[in-house]
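> Model the following, please.
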Amino acid sequence: MNKIEALKAERDGLAVAEDLARFAREGWRTIADDDKERLKWLGVFHRRPTPGHFMMRIRMPNGILTAAQARLLGEITQRSGKNVADVTTRQQLQLRWVTIEGVPEILARLEAAGLSSLQTGMDNVRGVVGCPATGLTARELFDTAPIARDFQRIFLGNREFTNLPRKFNVTITGCPDHCTTGETQDVSMTPARAEPDGVEVAGLNVAVGGKQGSGGPVFAASLDAFVLPAEAAEVCAAIALLFRDHGPRESRSRARLAFLVEAWGAERFRKELEVRLGRPLPPAGRDARGARTTEHVGIFRQREPGLNYVGLKTPAGRVSGEQLLELARLSERYGRGELRLTPSQNVLLPHVPDRLLGDLTQEPLLRELPYNPSEVQRGLVACTGTDFCNLALIDTKTRAMAFAREFEQRWGRTRPLTVRWSGCPASCGNHHTADVGLQGCKVKVDGRIVDGVHVFVGGRGGAAPRAAMKILEDVPCDELPAVLERLLRFFPRPERKEEET
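Sure thing, here's the model as predicted:
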């Protein structure tokens, strides 16, 4: 039994909530190592790069939050003393520099605001990802936000789901455009059409067993199964419990659902799922996904006439407390008091009337979070990096922005280019499905150890995913702009995005 399985067998992770008051009273140095791991069940993460301080990861299905919730997160970010928060590739927000003394109050304020940090770490169902424009875009088959909320209601705080063999990632989208990295999720539900009773209906095809880290990328395997929107949350829960009961637990590096799917095969996995559901599943419907990808950056028409959503680019996902407060204000001034976080670390401001678009684009915040960034910044994603992550080998966010600025100076405006940075092999930056993927490493140059990367190219997600190919190893980060300048000429220009205005 590995260390994590042993501590789970001793005590459920959520039970550590009973000790929070004592931890806050006695201080972080008194927290045992096992309890530091259990705190991750509450969404509270001790970070070795910031001794004595914690990160808190806040979940929101589909990345949707209200202006009041954004204002609360901005206030907490300001009060932490360092004024830093990060938008993640799972449409969540990570609060930084939290002290254990402040955690009980923050948890209470989050709960009062309808937010939660529970189960955002360790062996749990993580944030439920979906198209951030769900309910807004005319291109989708149906709105999947209710499915994400229903699924979260099933597992959140439910101890039936707190002892999975490993983390469990889910994406559910009814949109034909690719933005959710579904191919590398444990469960991927994507839009489809079927005729189970001779009448065409819209629903979801199901694939399982995708992943990025733990030995390299594996794309989710089709179960040849079709589910209706009303059934989707139940099916996701059943797959999670199948993983709980049968997933491998001996080695942490081989405890993902992908390895159970590999051992069983998709056909047996489907049969076991049908037994758990107590009913057969109809075969997969016609895939309704298209070839188009989007980062949701720009100004886009909504399905409701006269309204638009505006996608703002964050600097590699990093935002300040003041920016969160200003986003809340803008969402109330120009929209309906709602914001959306995206899987590419951006922020959507929906429900903006045509008559207010001009005024919105002149707001000072849109110079910091632009709706019209350069092509290289548009597709830029970076994991946490050594600023705060225990595993990262390099500083990703600062280097990602410095690289983008230098690249702009060298090339000016060019074709859209997706560049994703992961600070280590865990692949939190999703670098395996990018035009250019960069995986952090250390390199010796003239006797000095410096930040470097392995360079991957040609990755893509969506209906026909392809893992990026590693073409260079141990490239010092300072040499990247020159290296990528030579590579850029080999990338074809994509089709124009007709929906973007």
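> Which residue comes closest to the most centrally placed residue in the chain once chain neighbours are left out?
Centroid check for the chain by CA atoms, centre = their mean gives residue 90 as the closest residue, at 1.7 Å. Excluding the flanking residues, the one nearest residue 90 by CB to CB, 6 or more residues apart in numbering is residue 127, at 4.1 Å. C-betas here are computed from N, CA, C, even on glycine.
> try residue 89
residue 343 (5.4 Å).
> need the contact list for the residue nearest to the centre of the chain.
Shown in contact with residue 90 (CB atoms under 8 Å, 6 or more residues apart in numbering): 126-127, 129, 169, 343.
> remind me which residues of this protein are low pLDDT?
Where the chain drops to pLDDT under 70, the residues are 81, 412-415, 489-501.
> again, only using 50
The chain contains residues with pLDDT under 50 at 494-501.
> Identify the structural domains in it and state their residue ranges.
Domain segmentation of the chain under automatic domain parsing yields 3-112, 134-287, 298-374, 378-488.
> got the contact list for residue 314?
The contact partners of residue 314, by CB under 8 Å, 6+ apart, come to 87, 345-347, 369.
> Look up phi and psi at it.
phi -80, psi 160 (degrees, to the nearest 10).
> got the CA positions of the longest helix along the chain in CSV?
In terms of residue count, the longest helix belonging to the chain (DSSP state H) is helix 229-246. Extracted in CSV, the C-alpha atoms of helix 229-246 (Å, rounded to 0.1, in the frame of the first residue of the first chain):
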residue,chain,number,x,y,z
PRO,A,229,-28.5,15.5,-21.3
ALA,A,230,-30.8,14.4,-18.4
GLU,A,231,-28.8,11.2,-17.9
ALA,A,232,-25.3,12.7,-18.2
ALA,A,233,-24.7,13.6,-14.5
GLU,A,234,-25.8,10.1,-13.4
VAL,A,235,-23.5,8.4,-16.0
CYS,A,236,-20.5,10.6,-14.9
ALA,A,237,-21.1,9.5,-11.3
ALA,A,238,-21.4,5.9,-12.2
ILE,A,239,-18.0,6.0,-14.1
ALA,A,240,-16.4,7.7,-11.1
LEU,A,241,-17.6,4.9,-8.8
LEU,A,242,-16.5,2.2,-11.2
PHE,A,243,-13.1,3.8,-11.1
ARG,A,244,-13.3,3.9,-7.3
ASP,A,245,-14.1,0.2,-7.0
HIS,A,246,-11.8,-1.2,-9.8
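> Now do that helix: which elements does it pack against?
Here helix 229-246 touches helix 145-155, strand 168-172, strand 187-194, strand 201-208, helix 257-264, helix 266-277, going by 3 or more CB pairs under 8 Å, 6 or more residues apart in numbering; DSSP states H and E.
> redo that, cut-off 10 Å
Applying 3 or more CB pairs under 10 Å, 6 or more residues apart in numbering; DSSP states H and E, we find helix 229-246 packed against strand 125-129, helix 145-155, strand 168-172, strand 187-194, strand 201-208, strand 221-227, helix 257-264, helix 266-277.
> Using neighbour counts, pick out the buried residues of that helix.
Residues of helix 229-246 classed as buried: 229, 231-233, 235-244 (neighbour count, 16 or more other CB atoms under 10 Å).
> Assign the residue nearest to residue 89 to helix, strand or coil.
Using DSSP: H, G, I helix; E, B strand; the rest coil, the structure places residue 343 in coil.
> For it, give me its contacts.
63, 87-91, 127, 129-132, 171, 173, 179-182, 295-296, 381, 430 (CB atoms under 10 Å, 6 or more residues apart in numbering).
> Recalculate using a threshold of 6 Å.
Listed by CB atoms under 6 Å, 6 or more residues apart in numbering, the contact set of residue 343 reads 89, 91, 129, 179-181.
> Phi, psi for it please.
Dihedral angles for residue 343 - degrees, to the nearest 10 - are phi -70, psi -10.
> Same check on the one 10 residues further on?
For residue 353, the backbone dihedrals are phi -70, psi 150 (criterion: degrees, to the nearest 10).
> Bridged to it, which residues?
Taking DSSP bridges as the rule, residue 353 bridges to residue 307.
> Just give the nearest non-adjacent residue to residue 263, would you?
residue 248 (7.7 Å).
> count of neighbours near the one you found?
Applying other CB atoms under 10 Å, we find 17 residues neighbouring residue 248.
> quick check, it in a helix?
No - using three-state DSSP, the assignment for residue 248 is coil, not a helix.
> That one: what's it in contact with?
254-255, 259.
> where's it relative to residue 258, distance?
Counting by CB to CB, to the nearest Å, the gap from residue 248 to residue 258 is 10 Å.
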